[in-house]
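In: Sequence first, then the predicted structure:
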Amino acid sequence: MMRALIACLALALALTSAALAAPSPDEAFADAATEHRARGLYTQLRCVVCQSQSIDESGASLAQDMRIVVRERLVAGDTDAEILDYMQARYGDYVLMLPPLQANTLVLWGLPFFILLLGGVLIVVYVRRQARGLASELSPEEEAELAALMDEEGQ
């Protein structure tokens with residue numbers, strides 16, 4: 001009984017979120033090709049107030065405003081690249097779901113790998129120093145005692 005209730009609630013939530021993310025009738029183009037272009041652009045643009053949601057998925061009012069801007073640019077005759085460039089100039093690189101590869105993004109992507117490599121090198125150096133230090137830390141009396149103990153064990 002409880003499983004059926006949870007399943008019904010999950011289904012209702014999924015249907016509700018899909019209905020909220022769908023464009024309203026006033027946002028849809030009559031021309032199917034233009035609507036397809038618009039939806040493609042919607043998925044390439046990130047809602048700047050939502051976490052990792054495209055403006056196609058987001059129900060935020062800013063995402064709706066961004067969809068309106070995309071529609072206006074499509075009606076004005078802009079190409080997809082011009083619309084993406086316009087939105088990038090207006091909202092910054094964050095608005096693109098796939099941001100361009102630039103020097104600052106190379107640093108962001110490369111820094112974790114550099115830190116991991118540096119940590120590995122430091123661990124290797126530390127372990128080698130510890131291994132060298134253990135061999136030379138015994139006094140001559142301790143070395144003689146250790147040799148005697150090892151001889152006793154060997155018999």
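Out: Received, thanks.
In: and residue 90, what are its phi and psi?
Out: With angles defined as degrees, to the nearest 10, residue 90 sits at phi -80, psi -40.
In: Tell me which residues touch it, please.
Out: Listed by C-beta atoms under 8 Å, 6 or more residues apart in numbering, the contact partners of residue 90 are residue 69. Heads up, the C-betas are built off the backbone N, CA and C, glycines and all.
In: any idea how far residue 62 is from it?
Out: Distance, residue 90 to residue 62, using C-beta to C-beta, to the nearest Å: 12 Å.
In: Enumerate every residue touching residue 130.
Out: Taking C-beta under 8 Å, 6+ apart as the definition of contact, residue 130 has no neighbours.
In: my bad, residue 96
Out: Per C-beta under 8 Å, 6+ apart, neighbours of residue 96: 44-46, 84, 87-88.
In: how close does residue 61 get to residue 114?
Out: 41 Å.
In: What residue spans form the domains of this structure?
Out: Listed domain ranges for the chain are 2-95, 103-154 (source: automatic domain parsing).
In: winner for burial among the ones you listed?
Out: For these, the stretch with the most neighbours on average is domain 2-95, a mean of 14; neighbours defined as mean count of other C-beta atoms under 10 Å.
In: Quick check: phi and psi at residue 52.
Out: For residue 52, the backbone dihedrals (degrees, to the nearest 10) come out as phi 50, psi 40.
In: out of everything not next to it in sequence, what's closest to it?
Out: residue 46 (7.1 Å; C-beta to C-beta, 6 or more residues apart in numbering).
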